[in-house]
Each structure stands twice: as structure tokens, then as C-alpha cells.
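Enquirer: Please work out how this folds:
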Amino acid sequence: MPRFGELEEQIMLRLWAADHPLRVREVREALRPDRELAHTTVMTVLDKLYRKGMLRREAAGRAYKYEPVMSRESYTATLMHEGWSMAENPAAALVYFIEAMTPDQRDALRDAIRVVLPSPRPATREEEASTPDERR
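Expert: Numbers count the residues shown, from 1 in each chain. Just a heads-up that it's a prediction; the model follows:
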């Protein structure tokens, strides 16, 4: 997964915040007043992000409209997974990661685990009385 340079990141943040695909002109305007950039600079960075597979684009007259291929959350999760998979001891890396979290981040982690790995529901009396073959 490509990591972003500083300007690429600023452009991606604007695109993630948008509720529709943006033209180069609109991205350039969204970067103001923090950055005064030439139209061609923004166009070049958008083209590089497109070639890296981070953006899709569609023709809009003589220009293009750009939008992210994945959400900011999906991109972040991919980076986290890549970092974790590089560890020689993934369990230890996860412990260090969790220890560095704020209480709010730990609450969010607990909520996410509940969504992805819901607690098994208690078996009914009928299910407890049946054999494994009967449950299929």
C-alpha cells in the first residue's frame, strides 16, 4: 500500500471529506488558504495518486473528476495490517499497540471487536439436548 507524501496526504484528506468527485480546480480551492499551489501542481499530484491506484477518475468535459478508491478508514486499516504483519511476534506488537492507545481508542477497539466477533448466543434447551448430527 503506498504511503503518502505530505501534499498527497493533504489532497487525499480533501477528497475523503468531499461527498462527490472533485475536479482539479475544486481540490486546489479546498487546499486554500493553507496552500497556494499552481493548478498544474495539483493536477500532477492527482495524476500520480491515480496511477498509484488510490483514485479513480472520470471524464468531465476536458477535465477529470477524482474520487478515492477506498475510504480513509479502509486505508488506515490496511496500513495497520501491513505494519502488524511485519512483526516477528505479532502478539507482542499488538500488546504494544494497545498499550499506546488512549482510553477512547480502547473503547472503540472493544466496540469493533463486539461487531466483528459477537458473543455466541446461549444454546436453547432443544439445541443442548440434540446430538451434533441432529443440529446440521
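
Enquirer: And Thr44, how far from His20?
Expert: With the distance defined as CB to CB, to the nearest Å, Thr44 ends up 22 Å from His20. All C-beta atoms are positioned from the backbone trio N, CA, C, and that covers glycine.

Enquirer: Could you list the low-pLDDT ranges of this protein?
Expert: Confidence mapping of the chain against pLDDT under 70 gives the ranges 127, 130-136.

Enquirer: Which one's more surrounded, Thr44 and His20?
Expert: Neighbour totals were compared for Thr44 and His20, and Thr44 leads with 14 against 7 (other CB atoms under 10 Å).

Enquirer: The more buried one and Glu6: what is the separation?
Expert: Distance of Thr44 to Glu6, given as CB to CB: 15 Å.

Enquirer: in this structure, which spans are strands?
Expert: Read by DSSP state E, the chain holds these strands, from start to end of the chain: 22-23, 55-60, 63-68.

Enquirer: and the shortest one, which strands flank it?
Expert: Here strand 22-23 has these sheet partners by DSSP bridges: strand 63-68 (antiparallel).

Enquirer: what's the most buried one of the strands of the chain?
Expert: strand 22-23 (a mean of 20; mean count of other CB atoms under 10 Å).

Enquirer: Contacts made by that strand with the rest, please.
Expert: Applying CB atoms under 8 Å, 6 or more residues apart in numbering, the contact partners of strand 22-23 are 14-15, 30, 60, 63-67.

Enquirer: which outside residues touch stretch 54-70?
Expert: Contact with stretch 54-70 is made by 2, 12, 15-16, 18, 20-25, 27, 46, 49-50, 53, 75, 78, as judged by CB under 8 Å, 6+ apart.
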